[in-house]
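Engineer: Next input, structure requested:
(4 chains)
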2 protein chains.
Amino acid sequence: MPDLPLERIDPDSDRAAFRQIADHLRTLIQRGTLQPGDRVPSEARLMEHYGVARMTVRQALQVLRSEGLVVAEHGRGVFVRERPRVRRLASDRFARGHRARGKATFIAEVEESGSKPTVDTVEVTEEEADADVAERLGLQAGARVIVRRRRYLIDGRPAETAVSYLPAQIAAGTAIARPDSGPGGIYARLEELGHHLARFTEEVRSRMPLQEEARALRLPAGVPVFHLIRTAYDTTGRPVEVCDTVMSSDAHVLQYELPAQ
Amino acid sequence: MPDLPLERIDPDSDRAAFRQIADHLRTLIQRGTLQPGDRVPSEARLMEHYGVARMTVRQALQVLRSEGLVVAEHGRGVFVRERPRVRRLASDRFARGHRARGKATFIAEVEESGSKPTVDTVEVTEEEADADVAERLGLQAGARVIVRRRRYLIDGRPAETAVSYLPAQIAAGTAIARPDSGPGGIYARLEELGHHLARFTEEVRSRMPLQEEARALRLPAGVPVFHLIRTAYDTTGRPVEVCDTVMSSDAHVLQYELPAQ
DNA sequence: TAGTGGTCTAGACCACGGT
DNA sequence: CCGTGGTCTAGACCACTAA
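Structural biologist: Model prediction:
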């Protein structure tokens, strides 16, 4: 720690002292002098080195935290953030072939990558669809829908939360309305019910997490989330499911194929 | 402003005062009591109302800023962030039909939505491909590539930055290597050169912006960026372009089609 | 127990925006 | 000019971690 090539603050610079300190540390991180998992010098050391008050040092560290570059651990120190293993979500992940083995998409996919998938809360209710969901499902506002809420984990770490909405007219009273939807998951059930899946559309957004999302996904500061809204259509063109998914953006890369026509 | 239903701090709560203040204000924003563009009470008012020191109030506001909920304007006040108009990027946006009118993809798309597109820096160079680009283009490390860097604006506001890489073997000496690549853009030129485009793959990431990105896209704090890496393949399966794009996540929704096979 | 970060105070001076 | 947010100081006490 004491050997880090820390520069000094330029008192003639227009740039605020805390920004200069943040710049120095950011450079060390981006150059790899400070590696993921390494400890950043303590606030006390930084105060001494730069000759500034504690709040100035803390402001510099706050900048780096909101950039997602470091995480603070109370009582331990501030560390360069470690990047989790990235999960690639390919655009063919809902293709029928992947369901053949009697496993839901998430389970099959994660097991294939050598990790342990778990699903930790499955809550199934019947509710009135809100305006957005009703529109996506082509239903009247306030129509009844089966709602499946769950959280997926990989090796015990939260990976994504998902909420599925299906028309009650289709799903009520079937295995889809039970927590354990059986082998192959709800898509297998839909096909058994005669709703052969033809295509999916997926909308991708990104934003900073809400507080509950940061908690549910154990997100450090400075890490945005992907927000996906997927709609499944059967071969008649009818929308049969809307799935609303939130996942950490630093553990995921989405991959799509675009047609050239 | 003075009529806002601000609560008081619960001194017995475990939750820090600045978090309670942030919670109160967040609730007002999420309930719509404070609308986008509205001014949040000034630091002085908040200090007075909650009976805390200025730094405590500022910490609360800092929380909301890094959540992307408010923006501070020096000398004016703190305002609930206004959401820009959202641009939808559909997965067929590179389909041949959309190029027919002799316009590059971005120009055609933005004009269709009734806004004014501009491209403000086109810098074209020939460089050595870095390892990642070389791999994506199926080239030897260090192979020569034509690099096109530009920034796109909608109604004068920066929308995205993009850097395209094409094998020099294909593009050197052609209109692709000139700032103005001519009607229909570089994809039209590639097809004239016999590289008929068959498909594209797109990788989607999201993260907090680097400093230059925040500057180039005029991003307020708390707004992540989409980082897209698109590869274009010709009908022989050869990758002919890699395009690296960064865009504000709050002005964009990406939309894709997924096959059910 | 020593060292770390988390919270909070009560000031100070400055730069910016609009009157 | 006044009110706004931006920067900075020099303390204080607390809670957590690890030895």
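
Engineer: Which residues lie in contact with the closest residue to A:Thr174 other than its chain neighbours in this structure?
Structural biologist: Nearest non-adjacent residue to A:Thr174, counting by Cβ to Cβ, 6 or more residues apart in numbering or on different chains: A:Arg189, 6.1 Å away. Any C-beta I mention is one placed from the backbone N, CA and C, and that applies to glycine too. A:Arg189 sits next to A:174-176, A:181-182 when contact means Cβ atoms under 8 Å, 6 or more residues apart in numbering or on different chains.

Engineer: most surrounded residue in the residues you listed?
Structural biologist: In terms of neighbours by other Cβ atoms under 10 Å in any protein chain shown, the contacts of A:Arg189 top out with A:Ile176 at 24 neighbours.

Engineer: what's in contact with stretch A:157-167?
Structural biologist: Outside stretch A:157-167, the residues that touch it by Cβ under 8 Å, 6+ apart are A:84, A:87, A:110, A:129, A:133, A:137, A:139, A:143-153, A:176, A:186, A:190, A:213, A:216-218, A:240-248, A:251.

Engineer: among these, which are in helices?
Structural biologist: Within those, residues falling in helices by DSSP state H are A:110, A:133, A:137, A:186, A:190, A:213, A:216.

Engineer: about what we covered before: return the members of the contacts of stretch A:157-167 classed as buried.
Structural biologist: Using 16 or more other Cβ atoms under 10 Å in any protein chain shown as the burial test, the contacts of stretch A:157-167 include A:87, A:110, A:129, A:133, A:137, A:139, A:145-148, A:150-153, A:176, A:186, A:190, A:213, A:216-217, A:240-248, A:251 as buried.

Engineer: Closest residue of the stretch 51-200 of chain A to DNA strand D?
Structural biologist: Per Cβ to the nearest atom of the strand, A:Gly75 is where the stretch 51-200 of chain A lies closest to DNA strand D, at 2.4 Å.

Engineer: Could you grab the helix/strand/coil label for that residue?
Structural biologist: Look at A:Gly75: counting by DSSP: H, G, I helix; E, B strand; the rest coil, its state is coil.

Engineer: ok, it to B:Ser13 distance?
Structural biologist: To B:Ser13, A:Gly75 is 22 Å away according to Cβ to Cβ, to the nearest Å.

Engineer: Of the two, which one has the most company?
Structural biologist: More crowded of A:Gly75 and B:Ser13, by other Cβ under 10 Å: B:Ser13, with 10 against 5.

Engineer: shouldn't that one be in contact with B:Glu7?
Structural biologist: No. B:Ser13 is not in contact with B:Glu7 according to Cβ atoms under 8 Å; the separation is 11.5 Å.

Engineer: Which residues of chain A lie near DNA strand D?
Structural biologist: A:16-19, A:51-56, A:59, A:73-76 (Cβ under 7 Å from any atom of the strand).

Engineer: Identify, from those residues, the entry nearest to B:Leu258.
Structural biologist: Nearest to B:Leu258 among these: A:Glu73, at 39.3 Å, using Cβ to Cβ.

Engineer: before we move on, the earlier item: got the ones in helices among the contacts of stretch A:157-167 as a markdown table, with pLDDT and distance to A:Leu28 columns?
Structural biologist: Converted to a markdown table, the ones in helices among the contacts of stretch A:157-167 look like this (pLDDT from 0 to 100; distance: Cβ to Cβ, whole Å):
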| residue | pLDDT | distance to A:Leu28 |
| --- | --- | --- |
| A:Val110 | 83 | 35 |
| A:Val133 | 96 | 47 |
| A:Leu137 | 97 | 51 |
| A:Ile186 | 91 | 48 |
| A:Leu190 | 94 | 52 |
| A:Glu213 | 92 | 31 |
| A:Ala216 | 91 | 33 |
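
Engineer: starting at the chain centroid, how far to the top helix by length along chain A?
Structural biologist: Secondary structure of chain A read by DSSP H shows that its longest helix is helix A:17-31. Distance, stretch centre to chain centre, for helix A:17-31: 27 Å (Cα atoms, centre = their mean, to the nearest Å).

Engineer: List the contacts of the helix or strand just after it.
Structural biologist: Remark: after helix A:17-31, the chain's next helix or strand is strand A:39-40, criterion DSSP states H and E. For strand A:39-40, contacts defined as Cβ under 8 Å, 6+ apart pick out A:1, A:25, A:34, A:61, A:70, A:77-80.

Engineer: can you rerun that using 10 Å?
Structural biologist: With Cβ atoms under 10 Å, 6 or more residues apart in numbering or on different chains as the test, strand A:39-40 has contacts from A:1, A:4, A:25, A:28-29, A:34, A:46, A:60-61, A:64, A:69-73, A:76-80.

Engineer: are any of the residues you listed buried, and which?
Structural biologist: A:25, A:28-29, A:34, A:46, A:60-61, A:64, A:69-72, A:77-80.

Engineer: tell me which of those is nearest to chain B?
Structural biologist: Among the buried ones among the contacts of strand A:39-40, A:Leu69 lies closest to chain B (Cβ to the nearest Cβ), at 8.6 Å.

Engineer: now that closest one: how far from B:Glu135?
Structural biologist: 26 Å.

Engineer: where are the low-confidence patches of the stretch 101-250 of chain A?
Structural biologist: By pLDDT under 70, the low-scoring segments of the stretch 101-250 of chain A are A:101-102.

Engineer: Tell me which residue in it sits closest to DNA strand C.
Structural biologist: Relative to DNA strand C, the nearest point of the stretch 101-250 of chain A is A:Ala221 (9.3 Å; Cβ to the nearest atom of the strand).

Engineer: What residues does whatever residue of the stretch 101-250 of chain A ends up closest to DNA strand D make contact with?
Structural biologist: Taking Cβ to the nearest atom of the strand, DNA strand D has its nearest neighbour within the stretch 101-250 of chain A at A:Arg218, 14.2 Å off. Counting by Cβ under 10 Å, 6+ apart, A:Arg218 touches A:157-158, A:248.

Engineer: residues shared between the contacts of B:Ser13 and B:Glu7?
Structural biologist: B:Gln20.

Engineer: Can you show me the strands along chain A?
Structural biologist: Here chain A has its strands, by DSSP state E, at A:39-40, A:70-73, A:77-80, A:87-90, A:117-119, A:123-128, A:144-154, A:157-167, A:197-207, A:225-234, A:239-248, A:252-259.

Engineer: in terms of contact count, name the helices or strands touching the fourth one.
Structural biologist: When contacts are defined as 3 or more Cβ pairs under 10 Å, 6 or more residues apart in numbering or on different chains; DSSP states H and E, strand A:87-90 packs onto helix A:105-112, strand A:157-167, strand A:239-248, strand A:252-259, strand B:197-207.

Engineer: Take the strands of chain A and lay them out in CSV including distance to B:Ile170.
Structural biologist: CSV is the format used below for the strands of chain A (distance: least, Cβ to Cβ, whole Å):
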stretch, distance to B:Ile170
strand A:39-40, 46
strand A:70-73, 42
strand A:77-80, 40
strand A:87-90, 28
strand A:117-119, 43
strand A:123-128, 54
strand A:144-154, 41
strand A:157-167, 40
strand A:197-207, 31
strand A:225-234, 34
strand A:239-248, 37
strand A:252-259, 20
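
Engineer: Show me the one of those strands that comes nearest B:Arg230.
Structural biologist: Across the strands of chain A, B:Arg230 has its closest neighbour in strand A:252-259 (7.5 Å, Cβ to Cβ).

Engineer: Give me the distance from that closest one to the chain's centre.
Structural biologist: 16 Å.
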